[in-house]
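# Let me see the structure of the following:
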Amino acid sequence: MTIGEIDIKDYFDQETLDALEQAFLEFDTSGDGSIGKDELRDLFAKLGKTLTKKQVDAIVREIDSDGNGEIDFEELCYLEIVMSGARPQVHLIDYKTFLTEKVIKQLEQWFSLNDMDDSGAISIDDALKIAEQQDVKVTMDDVMGLLSQVESAAAGHINFPCFCALWALITNAQKMINYREYLESEEVASYRAMFQEASGGKSELNRKQVADTLRNTGFVRVRRHLTRIWEEMAIDKKTMLDFSQFCIVIVRLMKRRKYREVNPETCTCANLYEEGFTVK
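Here you go, the predicted model:
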């Protein structure tokens, strides 16, 4: 997980974000939207967390996505997520960005089978039974903890969107990345040419080919970073990567931030043609 892949609104409600921003602004004495290492230590000391200079140096190296040696507000939120072990919240996430259409359709079938009275809701007990039937390891305490901010859960029932969001979290689903929201069209064209050359015109690359291609292109410490990325993306040695996955690996390596929103429902064929994307 890198800063570029995180939507802080999946983790924190507006009240929490406002409190974090207020603390950040208090230490942003220059008003330029960033704080240095000393200010970062002071900020966390105020929050009751003591960090050594060595720890701060390591933190900045890890999360300073633009490499300027300072931390902006988004990077601070990412740091808070890592340090506190925060997880996305059921009542905050859009489950469609975590689950594929195939998974959602399957969940819809299971939900309907348990919604006997067509009320649009199922019991939390039923949701837990579905998880158990699918060998998802989760306890009632885990589920209730995840549903703590969901009003209807207090009465023991959840609706379909809530069920899907819960499923995304108990199965540790990763938020899906649309690489077009992170890479400029010129970059995509360059990476497409790189991919086609490495694959010999084929549609897939194996892990070794990806690593060799990126290393030859100038990416540094590729092996160490890719080990983590393979694990996060559940890519084993036998897995072949298509061009989309290749671009997602690059986004992760570069710790890119989203620079635009691409809505599949409003994106036209002309948009795709201009950027060199195929229908596939």
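# Give me the buried positions along the host helix or strand of Leu25.
Take DSSP states H and E as the rule and Leu25 turns out to sit in helix 14-27. Going by neighbour count (16 or more other CB atoms under 10 Å), the buried part of helix 14-27 is 20, 23-24, 27. C-beta here means a position set from N, CA and C on the backbone, and glycine is covered the same way.
# out of these, who's nearest Arg228?
Of all the buried residues of helix 14-27, Arg228 sits closest to Leu20, with 26.2 Å by CB to CB.
# hang on, the earlier thing: which strands and helices sit next to the helix holding Leu25?
Judged by 3 or more CB pairs under 8 Å, 6 or more residues apart in numbering; DSSP states H and E, helix 14-27 is in contact with helix 37-46, helix 73-84.
# residues contacting Lys53?
Going by CB atoms under 8 Å, 6 or more residues apart in numbering, Lys53 touches 37, 41.
# 240 is where my numbering starts, stick with that
In the new numbering, first residue 240, that becomes Lys292.
# quick one: it and Ile298, what's the gap?
Lys292 is 11 Å from Ile298, where distance means CB to CB, to the nearest Å.
# As a markdown table, the buried residues of helix 253-266 with pLDDT and distance to Leu286 would be great.
Output for the buried residues of helix 253-266, formatted as a markdown table (pLDDT from 0 to 100; distance: CB to CB, whole Å):
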| residue | pLDDT | distance to Leu286 |
| --- | --- | --- |
| Leu259 | 90 | 9 |
| Ala262 | 89 | 7 |
| Phe263 | 90 | 11 |
| Phe266 | 90 | 11 |
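# Glu443: which of those residues is nearest?
Of all the buried residues of helix 253-266, Leu259 has the smallest distance to Glu443: 42.0 Å, by CB to CB.
# Surely the closest one touches Leu318?
No - contact criterion CB atoms under 8 Å: Leu259 and Leu318 do not qualify, at 10.1 Å.
# Just put the helices and strands packed on helix 253-266 in CSV and tack on distance to Ile397, mean neighbour count and mean pLDDT.
Putting those into CSV (distance: least, CB to CB, whole Å; neighbours: other CB atoms under 10 Å; pLDDT from 0 to 100) gives the following:
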stretch, distance to Ile397, mean neighbour count, mean pLDDT
helix 276-285, 36, 17, 86
helix 312-323, 25, 18, 84
